[in-house]
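K.L.:
Here's a sequence, model it:
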Amino acid sequence: MPADATPALLVVDDDDAIVELVQRYFGLHGFRVVAAADGAAMRGALTSSSIDIVLLDLGLPGEDGLELTRYLRAHWSGPVVIVSGRGDTVDRIVGLELGADDYVTKPFDLRELLARVRSVLRRSQERVAARPTGTVARFAGYALDTASRTLVRERDGQAVALTTGEFDLLAAFVARPNHVLSRDDLIGALHGREAGPYDRSVDMQVGRLRRKIEADPAQPQLIKSVRGAGYLFAAKVEQA
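P.N.:
Model (predicted):
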């Protein structure tokens with residue numbers, strides 16, 4: 001999103017009063033606000049509109065907000081802020097593990113919500129700006145193209161399907177091969193924030209990524225765990 005562009009916020013909530021409140025307040029502060037009351041409307045809005053950030057309630061009719069968070073992380077690359085009346089620690093942890101960039105509980109202060117949204121957007125833009133362009137990294141029979149955001153098996157030319165989070169995680173590993181990266185390092189690369197004390201989102205992403213690129217995910221040779229420190233990408237990487 002260009003620096004002078006109007007940011008577009010999609011608020012996914014079935015509470016008309018909250019939607020109207022967010023639309024009015026964020027509209028006064030330079031946002032274009034789109035509303036959706038459920039998962040189907042959310043998908044439609046993402047298809048028909050250019051959206052920069054999603055505010056997502058958990059207690060939605062039909063699909064649960066956590067299911068929608070999982071969908072967004074698999075199919076959409078923008079930041080997600082969960083805004084929910086469910087302030088239970090478990091819900092917060094699960095939401096962050098699924099890839100949400102922040103979690104705000106209801107009732108919320110509009111000024112704080114605006115500050116958090118702006119902070120998440122800023123971090124997201126900084127991550128995008130910092131990504132290398134036009135670089136192909138080769139390792140262990142794979143080619144990772146950061147321009148097209150694709151991973152290809154070189155032996156047969158087959159693309160390996162990666163979610164946005166899995167791609168960003170692999171790109172972080174490939175950028176620093178044979179260096180131990182802590183969970184804080186990886187959370188910062190993925191979400192632009194520090195890991196919380198119960199944050200295991202990176203471990204979940206690593207497990208999924210191993211299943212896609214390791215010959216034997218139970219005995220990983222590429223992404224190795226370093227006890228008490230984090231993870232190490234143990235592969236020779238050639239940048240082109």
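K.L.:
C-alpha only now, for contacts and for neighbours.
P.N.:
Fine.
K.L.:
Buried residues of the lengthiest helix in the chain, list them for me.
P.N.:
Using DSSP state H, we find that the single longest helix of the chain is helix 110-130. Using 16 or more other C-alpha atoms under 10 Å as the burial criterion, the residues of helix 110-130 that qualify are 113, 116-117, 120-121, 123-125, 127.
K.L.:
Surely Val206 forms part of a helix?
P.N.:
Yes. Using DSSP: H, G, I helix; E, B strand; the rest coil, the secondary structure at Val206 is a helix.
K.L.:
Per-residue pLDDT of it, please?
P.N.:
In this prediction, Val206 carries a pLDDT score of 90.
K.L.:
and it, what does it touch?
P.N.:
Counting by C-alpha atoms under 8 Å, 6 or more residues apart in numbering, Val206 touches 166, 169, 223.
K.L.:
mind putting those residues in CSV, secondary structure included?
P.N.:
Below are those laid out as CSV (three-state DSSP):
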residue, secondary structure
Glu166, helix
Leu169, helix
Ile223, strand
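K.L.:
Let me have those residues in CSV, adding pLDDT and distance to Asp38 as columns.
P.N.:
As requested, these are arranged in CSV below (pLDDT from 0 to 100; distance: C-alpha to C-alpha, whole Å):
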residue, pLDDT, distance to Asp38
Glu166, 83, 26
Leu169, 89, 29
Ile223, 96, 38
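K.L.:
related to what we said a few turns ago, and after the longest helix of the chain, which helix or strand comes next?
P.N.:
Downstream of helix 110-130, the next assigned helix or strand under DSSP states H and E is strand 136-139.
K.L.:
who does Gln239 bridge with?
P.N.:
On the basis of DSSP bridges, Gln239 is bridged to Ala137.
K.L.:
For Leu10, what are phi and psi?
P.N.:
Main-chain dihedrals, Leu10, degrees, to the nearest 10: phi -100, psi 120.
K.L.:
I figured it was touching Ala35, is that so?
P.N.:
Yes. Here Leu10 lies in contact with Ala35, judged by C-alpha atoms under 8 Å, at a distance of 5.7 Å.
K.L.:
Quick check: neighbours shared by the two?
P.N.:
Here Leu10 and Ala35 have Met42 as joint contacts, going by C-alpha under 8 Å, 6+ apart.
K.L.:
Looking at these two, which one has more neighbours?
P.N.:
When neighbours are counted by other C-alpha atoms under 10 Å, Leu10 and Ala35 differ, and Leu10 comes out ahead with 24 against 21.
K.L.:
Asp184 versus Ala17, what's the distance?
P.N.:
37 Å (C-alpha to C-alpha, to the nearest Å).
K.L.:
Between those two, tell me which one has more neighbours.
P.N.:
For the pair Ala17 and Asp184, the greater number of neighbours falls to Asp184 (17 against 10), based on other C-alpha under 10 Å.
K.L.:
does the more buried one sit in a helix, a strand or a coil?
P.N.:
Following three-state DSSP, Asp184 is assigned to helix.
K.L.:
okay, it: pLDDT?
P.N.:
pLDDT for Asp184: 81.
K.L.:
repeat for Leu162
P.N.:
Leu162 carries a pLDDT score of 83 in this model.
K.L.:
and if you look at Val226?
P.N.:
Val226 is assigned a pLDDT of 94 by the prediction.
K.L.:
Apart from its chain neighbours, what residue comes closest to it?
P.N.:
Excluding its sequence neighbours, the residue lying closest to Val226 (C-alpha to C-alpha, 6 or more residues apart in numbering) is Leu232, at 6.8 Å.
K.L.:
Alright, calling it a day.
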